[in-house]
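**Q** Have a look; sequence and predicted model below, questions after that.
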Amino acid sequence: MIPYGRQHITQQDIDAVTEVLQSDFLTQGPVVPAFEQRLCKLTGATYAVAASNATSALHLACLALEVGPGSRVWTSPISFVASANCALYCGAIIDFVDVEPDSGNMSVIALEKKLQHAEENNQLPQVLIPVHLAGQSCNMQYIYQLSVRYGFRIIEDASHAVGASYQNSAVGSCQYSDITVFSFHPVKIITTAEGGMALTNQAVLAEKMQLLRSHGITRADELMTEPSHGSWYYQQLQLGFNYRMTELQAALGLSQSERLSEIIKKRQLLVASYQQLLAGLPLELPSVPKDRICAFHLYIVRLADKTQRKAVFDKLRSAGIGVNVHYIPIHSQPYYQAQGFRWGTYPMAEQFYETIISLPLYPELTLEQQSYIAEQLRLALA
């Protein structure tokens, strides 16, 4: 089976992890800060806070922005459920903004209309979480301008988008947001096996996330409520979590991050090959605005005839091609339906979902495999 995505581990990666295994620290050592500093250098962000996964990083980001019971948080319905769950962990009220029909990213037109209506009803969001689907940035400048007008904070869910750029700035620079979150799951651009990262340019947010990711405990004298009892002393200042990244994970991520530009170039070459191989088929292929570089975590095509989707999907799977669908709209999940969400509420997201298939895309995918995928897709569509 050709998977839709997979990790690529080199001998350099193995050596980096082995070095940590033979060191004095398996957790809370020097490699996690080194990985954080590396991501700051790659993105231009001032602070980076490594976490056990992107879901925990999103949760920390919400807490740092003081999302709590009664807070309103909006995100995209076309994403993995973690983009919405992170707000619910805080006791917030979640809602969704419909998407653009071509990219699946949050629609700024739909967002502006929803904000106007929310302002009239005194129900504006405290935090917005736009999702950079497949590695392509949302229209962040416009979203930021709306945030200034309507007073909400922004968390970029850039789980797919490490290595991407928007208006000549790296995604993660937080030029138009308070916090950006990356994922390092095995199928993502670079991996730490499991892992995530929250980046920000605001010291107070970084300090809050650092405190909360490790049980709310500090050893910093300046943060304590009384003089330290000695070098062994610590204080729990808040109810935090064990959301720490291990040294092993960080070593793998640090090694992989050295190849980030090479990985992105390889993905872009594979996408260019797909664009040629699939030209002329009854499909809508991905397109990227001129002001963006897409990281292409996913290669999502849209079928002209949605009634073909299941048959095409099944035929490709039968041919040994591990296609997938990204994503089932969050508001359609039974848990969210039980909260009052219904089909028909976000029509563009639902239409997008009904037509999409993710084709295999990862650096080790060969041109021969791509040709086979294209031919099998041609036969399935016929």
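**A** Yep, it's here. Numbers count the residues shown, from 1 in each chain.

**Q** how about the helices in the stretch 151-300 of the chain?
**A** 203-212, 247-257, 260-277 (DSSP state H, counting those that start in this stretch).

**Q** elements contacting the longest one?
**A** The contact analysis (3 or more CB pairs under 8 Å, 6 or more residues apart in numbering; DSSP states H and E) places helix 260-277 against strand 299-303, helix 367-381. Every residue, glycine included, has its C-beta placed from N, CA and C.

**Q** Just name the most buried of these.
**A** Per residue and on average, the most neighbours among the helices and strands packed on helix 260-277 fall to strand 299-303, with a mean of 23 (mean count of other CB atoms under 10 Å).

**Q** Give me the angle between that one and helix 260-277.
**A** On the basis of axes from the mean of the first three to the mean of the last three CA atoms, to 10 degrees, strand 299-303 is oriented at 20 degrees to helix 260-277.

**Q** before we move on, the earlier item: could I get the helices and strands packed on helix 260-277 as TSV with mean pLDDT?
**A** Listed next are those as TSV, based on pLDDT from 0 to 100:
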stretch	mean pLDDT
strand 299-303	98
helix 367-381	98
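
**Q** Distance to Y150 added to these, as a markdown table?
**A** Below are those laid out as a markdown table (distance: least, CB to CB, whole Å):
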| stretch | distance to Y150 |
| --- | --- |
| strand 299-303 | 30 |
| helix 367-381 | 43 |
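
**Q** three-state assignment of Y327?
**A** Under DSSP: H, G, I helix; E, B strand; the rest coil, the three-state class of Y327 is coil.

**Q** my guess is it contacts I78, does it?
**A** Yes: with contacts counted by CB atoms under 8 Å, Y327 reaches I78, the gap being 5.6 Å.

**Q** With neighbour numbers in mind, choose between these two.
**A** Comparing Y327 with I78 by other CB atoms under 10 Å, the one with more neighbours is I78, at 30 against 24.

**Q** I'd like to check which residues are in contact with the more buried one.
**A** I78 makes contact with 99, 104-105, 131, 133, 327, 329-330, 349, 352-353 under the criterion CB atoms under 8 Å, 6 or more residues apart in numbering.

**Q** rewinding a little: identify the contacts common to Y327 and I78.
**A** Y353.

**Q** pLDDT (mean, whole number) over stretch 126-143?
**A** Stretch 126-143 shows a mean pLDDT of 98.

**Q** In it, which of the residues would be classed as buried?
**A** 126-140, 143 (16 or more other CB atoms under 10 Å).

**Q** In strands only, show me the residues you listed.
**A** 127-129 (DSSP state E).

**Q** Which residue ranges of the stretch 101-250 of the chain form strands?
**A** Assignment of strands within the stretch 101-250 of the chain using DSSP state E, counting those that start in this stretch yields the ranges 127-129, 153-157, 165-166, 169-170, 179-183, 196-200, 217-218, 235-236.

**Q** Point out the one among those strands that comes closest to G340.
**A** G340 sits nearest to strand 127-129 of all the strands of the stretch 101-250 of the chain, at 19.6 Å, using CB to CB.

**Q** partners of the closest one, with directions?
**A** strand 72-75 (parallel), strand 153-157 (parallel) (DSSP bridges).

**Q** what does stretch 314-327 contact?
**A** 1-4, 78-80, 133-134, 298, 300, 313, 353, 356-360, 372-373, 376-377, 379-380.

**Q** Now it - C-alpha only, CSV.
**A** Below are the C-alpha coordinates for stretch 314-327, written out as CSV (Å, rounded to 0.1, in the frame of the first residue of the first chain):
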residue,chain,number,x,y,z
ASP,A,314,-12.6,2.5,-2.9
LYS,A,315,-11.0,1.7,-6.3
LEU,A,316,-7.8,3.5,-5.4
ARG,A,317,-7.6,1.7,-2.1
SER,A,318,-8.2,-1.6,-3.9
ALA,A,319,-5.3,-0.7,-6.2
GLY,A,320,-3.0,-0.3,-3.2
ILE,A,321,-3.1,3.5,-3.0
GLY,A,322,-3.8,4.8,0.5
VAL,A,323,-5.9,7.8,-0.3
ASN,A,324,-7.6,9.6,2.5
VAL,A,325,-10.1,12.4,3.2
HIS,A,326,-9.1,15.6,5.0
TYR,A,327,-11.3,16.4,6.8
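
**Q** Buried residues in it, which are they?
**A** 315-316, 319, 321, 323-324, 326-327.

**Q** For those, could you give me TSV that also reports distance to V288, pLDDT and secondary structure?
**A** Converted to TSV, the buried residues of stretch 314-327 look like this (distance: CB to CB, whole Å; pLDDT from 0 to 100; DSSP: H, G, I helix; E, B strand; the rest coil):
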residue	distance to V288	pLDDT	secondary structure
K315	28	98	helix
L316	24	98	helix
A319	28	98	coil
I321	24	98	strand
V323	21	98	coil
N324	21	98	strand
H326	17	98	coil
Y327	20	97	coil
